[in-house]
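Asks: Need coordinates for the below:
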Amino acid sequence: MEELRRKLLELSKKEATLNFKIYELYHENQTLAIKLAGYIAENRLYGGRWKNEEAMKIMNKYLVKKKNPNEQSSE
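Replies: Predicted structure coming up:
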């Protein structure tokens, strides 16, 4: 039984480490998406017509806040 507790503690530590890494990577990706949006805006400012579906998906994933289905609408 004690061995199982040690193993559970070890796995819990690994889970916490992985959760923190996921958090860091998400915020790093969010920063990169903001930079990408800025570069696209600058390109358009200078007359560019750049559009890329993959880039739009990335920006939507990290920059567009998803509506929580549990929240009540104020309409």
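Asks: In which helix or strand does Lys66 reside?
Replies: For Lys66, there is no host helix or strand (DSSP states H and E).
Asks: after the helix or strand Ala41 falls within, next one along is what?
Replies: Element membership for Ala41 (DSSP H and E) is helix 2-45. Going down the chain from helix 2-45, the next helix or strand is helix 53-63, by DSSP H and E.
Asks: Show me which residues of the lowest-mean-pLDDT helix or strand in the chain are buried.
Replies: Across the helices and strands of the chain, mean confidence by mean pLDDT, DSSP states H and E is lowest for helix 53-63: a mean of 89. Neighbour-count burial for helix 53-63, counted by 16 or more other CB atoms under 10 Å, picks out Ile58, Met59, Tyr62. The way it works is simple: take the backbone N, C-alpha and C, and place the C-beta from them, glycine included.
Asks: closest to Trp50 among those residues?
Replies: Using CB to CB, Met59 comes nearest to Trp50 of these, at 12.9 Å.
Asks: could you measure the closest one against Ala16, distance?
Replies: Using CB to CB, to the nearest Å, Met59 is found at 30 Å from Ala16.
Asks: Same check on Ala55?
Replies: 33 Å.
Asks: and the least confident helix or strand of the chain, what other elements does it pack with?
Replies: With contacts defined as 3 or more CB pairs under 8 Å, 6 or more residues apart in numbering; DSSP states H and E, helix 53-63 has these neighbours: helix 2-45.
Asks: Enumerate every residue touching the residue nearest the centre of the chain.
Replies: In the chain, the C-alpha nearest the mean C-alpha coordinate belongs to Tyr26, at 3.7 Å (CA atoms, centre = their mean). By CB atoms under 8 Å, 6 or more residues apart in numbering, the residues touching Tyr26 are Tyr62.
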